[in-house]
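A.B. asks: dropping the sequence and predicted coords here.
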Amino acid sequence: MKIELAVIMAAGKGTRFGALTAEMPKGFIPFKGKPMVIRSIENLIDAGIKEIIIGTGYHREYYEHLSERFPEVKTVFSPRFAETNSMETLYQCRHAIGNRPFLLLESDIVYDISALKILIENPHSDIMLITPVTKFQDQYYVESDDNGNLAWCSTDKSKIRPSGELVGIHKISTDFYNFMTNAYSHTMDIEPRLGYEFQILRTAKSSLPMHVLNMHGLQWYEIDDISDLAFAEANVAIK
């Protein structure tokens, strides 16, 4: 399965950053002097991705201007971004995605390009990337079963047998994505704040397996607030 498409979730307000996101979306907060989303776009292009869809909401104009610098970038606006969550943003991207497999990423992560390459090269069609726990706060734990497939996810470590921590980079096949969006279309009005991670979990538990790939030694970090940013800049070995 050839992967030439990536989708970046970037609709959120990033309110935990306080004044830093008063005038710009959190993807544009610089890590070591360069906006996180720019780092991600450059990584994706270097890994062979030909098209990058960014699901936008808050201060969408910042992302829309990226196409002037990166012709690979297209944007899809999620009009209900203020009262919904990432699954709504991913759903709004369905026409732009079409029937193509893709890499799915968050806009607020920094990571080594090896994370992309290992997903693209891996023979599994659907993959959730995890690592041994690295974050000092707001961890999202993942449990895999005996076959290496997704069994459960939780922010509460005591409720599962964690295999590692969610990175925020996935490989998604056409079949898996179509199942996700079809199921969401029936529940979107009653659970508008659903995160796409939970829809992935539901799909994996009910219909299609999601392979869990534990990548030891990956340099990465999800940056949710100012303390995350300070920690990442001091401890994550990415130039």
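C.D. replies: It's in.

A.B. asks: distance of the closest residue to Asp46 other than its chain neighbours from Ile120?
C.D. replies: Excluding its sequence neighbours, the residue lying closest to Asp46 (CB to CB, 6 or more residues apart in numbering) is Ile113, at 6.0 Å. Yep, even glycine has a C-beta here, placed from its N, CA and C like the rest. Ile113 sits 11 Å away from Ile120, going by CB to CB, to the nearest Å.

A.B. asks: ok, now Ser185?
C.D. replies: For Ser185, the distance to Ile120 - CB to CB - is 29 Å.

A.B. asks: got the contact list for the residue nearest to Asp46?
C.D. replies: Ile113 makes contact with 43, 46-47 under the criterion CB atoms under 8 Å, 6 or more residues apart in numbering.

A.B. asks: top of the residues you listed by neighbour count?
C.D. replies: Within the contacts of Ile113, most neighbours by other CB atoms under 10 Å means Asn43, with 21 neighbours.

A.B. asks: can you list residues touching both of Ile113 and Ile120?
C.D. replies: With CB under 8 Å, 6+ apart as the test, Ile113 and Ile120 both reach Ala47.

A.B. asks: chain neighbours aside, what residue packs nearest to Pro83?
C.D. replies: For the record, residue 83 is Glu, not Pro. Per CB to CB, 6+ apart, closest to Glu83 is Pro192, 6.1 Å.

A.B. asks: so what's the one you found up against?
C.D. replies: If you count contacts by CB under 8 Å, 6+ apart, then Pro192 has 80, 83-85, 88 around it.

A.B. asks: out of those residues, which are buried?
C.D. replies: Neighbour counting by 16 or more other CB atoms under 10 Å classes 84-85, 88 among the contacts of Pro192 as buried.

A.B. asks: would a markdown table of the residues you listed with pLDDT, secondary structure and distance to His124 be doable?
C.D. replies: Shown next, in a markdown table, are these (pLDDT from 0 to 100; DSSP: H, G, I helix; E, B strand; the rest coil; distance: CB to CB, whole Å):
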| residue | pLDDT | secondary structure | distance to His124 |
| --- | --- | --- | --- |
| Thr84 | 96 | coil | 30 |
| Asn85 | 96 | coil | 26 |
| Glu88 | 98 | helix | 27 |
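
A.B. asks: and which of those residues is nearest Gly148?
C.D. replies: Nearest to Gly148, judged by CB to CB, of those is Asn85 at 27.8 Å.

A.B. asks: run through the bridge partners of Glu222.
C.D. replies: On the basis of DSSP bridges, Glu222 is bridged to Ile109.

A.B. asks: any idea how far Ser67 is from it?
C.D. replies: From Glu222 to Ser67 the distance is 25 Å (CB to CB).

A.B. asks: between the two, tell me which one has more neighbours.
C.D. replies: With neighbours defined as other CB under 10 Å, Glu222 and Ser67 compare such that Glu222 has more, 22 against 14.

A.B. asks: in three-state terms, how would the residue of the chain positioned farthest from its centre be classified?
C.D. replies: Distance to the chain centre peaks in the chain at Asp146, reaching 25.1 Å (criterion: CA atoms, centre = their mean). Using DSSP: H, G, I helix; E, B strand; the rest coil, the structure places Asp146 in coil.
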